[in-house]
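> Pasting a predicted model and its sequence here:
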Amino acid sequence: RAQLGRRDLDALAAAGALVGLSGHRHRARWAVAGVEPALPLLEEAPIAEALPMLRPPTEGQDIVADYASIGLTLRRHPLALLRGQLSARRLLSARQIREREHGEPVATAGLVICRQHPSSAAGTIFVTLEDETGNTNIIVWDSVATRGRRALLGSRLMAVHGEVQREGEVLHVIARELADLSPLLGNLTVASRDFR
């Protein structure tokens, strides 16, 4: 039998690893909060505490908690929950972008998972956006980067208006305008790999 410390139990409960034992993440965290070593005087005393009525977390709360504890989720992608709002803004998914023709104007949005600025690219920045259907590679010329600097460097969720550049199977979106949609993510923390 493993003798887990309080910190380990807290981490397991926060990561959702105890859901199978407790029913849902909130119950697991409550149960772990009550785990204390028995004092010698009370070691044999039967103590029964009723579990409080805790609402199960919403899907969004579970996804936010997954990202906060382990940096990813095995549930639906966070943008699957926002797709209705993104579609209302006429922002296409990565799958829809892949169906577009060379030169076609498009608008898309995704979690920023990578920003690159190779020294050989003469001021060009490459961004990879991720949504529930895949990744979209974005090329940001220096002039667009200067105009949209705040969105380019500070967004967790970025919208891009631009045009498709396609050569065979290789597809990029050439950015014309950038916008920060991070407020739509609420408390979701997403870490991108920047300039490595």
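Structure received. Predicted, not measured: the structure shown is a model, and the values here were computed from it.

> In the helix or strand hosting residue 7, which residues are buried?
Element membership for residue 7 (DSSP states H and E) is helix 6-14. Across helix 6-14, burial judged by 16 or more other C-beta atoms under 10 Å covers 9-10, 12-14. C-beta coordinates here come from the backbone N, C-alpha and C atoms, glycine included.

> Could you chop this structure up by domain?
6-57, 78-194 (automatic domain parsing).

> follow-up on the earlier one: from the contact counts, what lies against the helix holding residue 7?
helix 25-33, helix 59-70 (3 or more C-beta pairs under 8 Å, 6 or more residues apart in numbering; DSSP states H and E).

> Please find the angle between the direction vectors of that helix and helix 25-33.
On the basis of axes from the mean of the first three to the mean of the last three C-alpha atoms, to 10 degrees, helix 6-14 is oriented at 170 degrees to helix 25-33.

> Pull the residues that contact the following helix or strand past helix 6-14.
Tracing the chain past helix 6-14, the next element assigned as helix or strand by DSSP H and E is helix 19-22. Residues from elsewhere that reach helix 19-22 (C-beta atoms under 8 Å, 6 or more residues apart in numbering): 25, 28, 31.

> so how many other residues sit close to the first one?
Under the neighbour criterion other C-beta atoms under 10 Å, residue 25 is assigned a count of 23.

> where's it relative to residue 17, distance?
10 Å (C-beta to C-beta, to the nearest Å).

> Over to the last one?
Per C-beta to C-beta, residue 31 is found 13 Å from residue 17.

> now do residue 98
Applying C-beta to C-beta, the value for residue 98 to residue 17 is 36 Å.

> For this structure, give me the ranges with low pLDDT.
1-2, 34-38, 42, 195-196 (pLDDT under 70).
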